[in-house]
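# whatever this is, show me its structure:
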Amino acid sequence: MREELLAVIEKNSRIGLDELAVILGETEENVLSELENLEKEGIICGYHTLINWEKTSIEKVTALIEVRVTPQRGQGFDKIAERIYNYPEVHAVYLISGGYDLLVILEEKSLREISNFVSDKLSTLDTILSTATHFILKKYKDHGTILSKKHEYEREIITP
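Prediction:
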């Protein structure tokens, strides 16, 4: 039940306990107990809402910042990642393969705020060797959800 439960709530965290129980063929009590266990074990870390900010009046800029670092002896990249993810501006931090070591994701109100974060906070850390910043211009799909669906019956007009 555990894997199926996780798959269902990953797609729709707002699904009701009663509907979950029917889908899983379990009692509501068993499903609730399993959800609580998954939360206690740190497997379920939170519940989030995916928002298409482009359809609101709120300005948001998302940046992907590749970071090359010098890992610390005995701690690898963990200590550096922790310093970075403790900044409230940081949306996510990933250890990655390739030419850079970490990928930092920021969501701010303006390009200037992101630029200031990179120059004033990130680049000043003594273990940071270099950064490369990429700005998201448009999101088409996020967390498995298509954000800007094309009209299904949109046809091109052809004239002779």
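
# helix or strand with the lowest mean pLDDT in the chain?
Averaged element by element with mean pLDDT, DSSP states H and E, the chain has its least confident helix or strand at strand 145-146 (a mean of 86).

# count the residues that sit near the nearest residue to residue 83 once chain neighbours are set aside.
Excluding its sequence neighbours, the residue lying closest to residue 83 (C-beta to C-beta, 6 or more residues apart in numbering) is residue 125, at 6.4 Å. All C-beta atoms are positioned from the backbone trio N, CA, C, and that covers glycine. Other residues lying near residue 125 total 12 when counted by other C-beta atoms under 10 Å.

# next: residue 107.
Using other C-beta under 10 Å, residue 107 is surrounded by 16 other residues.

# verify the stated contact: it with residue 64.
No - counting by C-beta atoms under 8 Å, residue 107 sits too far from residue 64 to count as a contact (10.8 Å).

# relative to residue 127, how far out is residue 79?
8 Å (C-beta to C-beta, to the nearest Å).

# who has more neighbours, these two?
Taking neighbours as other C-beta under 10 Å, residue 79 and residue 127 compare with residue 127 leading, 16 against 13.

# tell me the confidence at the more buried one?
Note for residue 127: predicted pLDDT of 92.
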